[in-house]
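> Structure, please.
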Amino acid sequence: MTTPTPTRPLLVQEHVVTTSDQREHHWDAVDTYFTCLVTCDLEDRECSTHCVEVLRLSC
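Numbering: from 1, shown residues only. Down below sits the predicted model:
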């Protein structure tokens, strides 16, 4: 009888950054996300969702 291998949840994504250019692109995307988020009204969920989508598309 074999022991099942534990698996990670599907929501966990590993980001392997290997070059300086990739690191810079990653942090530029995060900076853009926070800049977008700061412009949103706290009650505006649509704006927040838009910022998340922009981040998702840039990574």
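> Every contact and neighbour count from this point should use C-alpha atoms.
OK.
> List the contacts of the helix or strand bottoming out on mean pLDDT in the chain.
One helix or strand of the chain scores below all others by mean pLDDT, DSSP states H and E: helix 20-39, with a mean of 92. Helix 20-39 is contacted from outside by 17, 47, 48, 51, 52, 54, 55, 58, 59, using Cα atoms under 8 Å, 6 or more residues apart in numbering.
> What would it look like as PDB? C-alpha coordinates only.
In PDB, the C-alpha atoms belonging to helix 20-39 read as follows (Å, rounded to 0.1, in the frame of the first residue of the first chain):
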ATOM      1  CA  SER A  20      16.700  40.900 -13.600                       C
ATOM      2  CA  ASP A  21      14.300  42.000 -16.400                       C
ATOM      3  CA  GLN A  22      11.700  39.500 -15.200                       C
ATOM      4  CA  ARG A  23      12.000  40.800 -11.600                       C
ATOM      5  CA  GLU A  24      11.700  44.400 -12.800                       C
ATOM      6  CA  HIS A  25       8.600  43.500 -14.900                       C
ATOM      7  CA  HIS A  26       7.000  41.800 -11.900                       C
ATOM      8  CA  TRP A  27       7.500  44.700  -9.600                       C
ATOM      9  CA  ASP A  28       6.400  47.200 -12.200                       C
ATOM     10  CA  ALA A  29       3.100  45.200 -12.500                       C
ATOM     11  CA  VAL A  30       2.700  45.300  -8.700                       C
ATOM     12  CA  ASP A  31       3.400  49.000  -8.600                       C
ATOM     13  CA  THR A  32       0.800  49.600 -11.300                       C
ATOM     14  CA  TYR A  33      -1.700  47.500  -9.400                       C
ATOM     15  CA  PHE A  34      -1.300  49.600  -6.200                       C
ATOM     16  CA  THR A  35      -1.400  52.800  -8.200                       C
ATOM     17  CA  CYS A  36      -4.600  51.700  -9.700                       C
ATOM     18  CA  LEU A  37      -6.000  50.600  -6.400                       C
ATOM     19  CA  VAL A  38      -5.200  53.900  -4.700                       C
ATOM     20  CA  THR A  39      -7.300  55.700  -7.300                       C
END
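> Buried residues in whatever helix or strand comes next after it, which are they?
Note on helix 20-39: by DSSP states H and E, the next helix or strand toward the C-terminus is helix 45-58. Buried residues in helix 45-58, defined by neighbour count with 16 or more other Cα atoms under 10 Å: 47, 48, 51, 52, 54, 55.
> Thanks a lot, see you next time.
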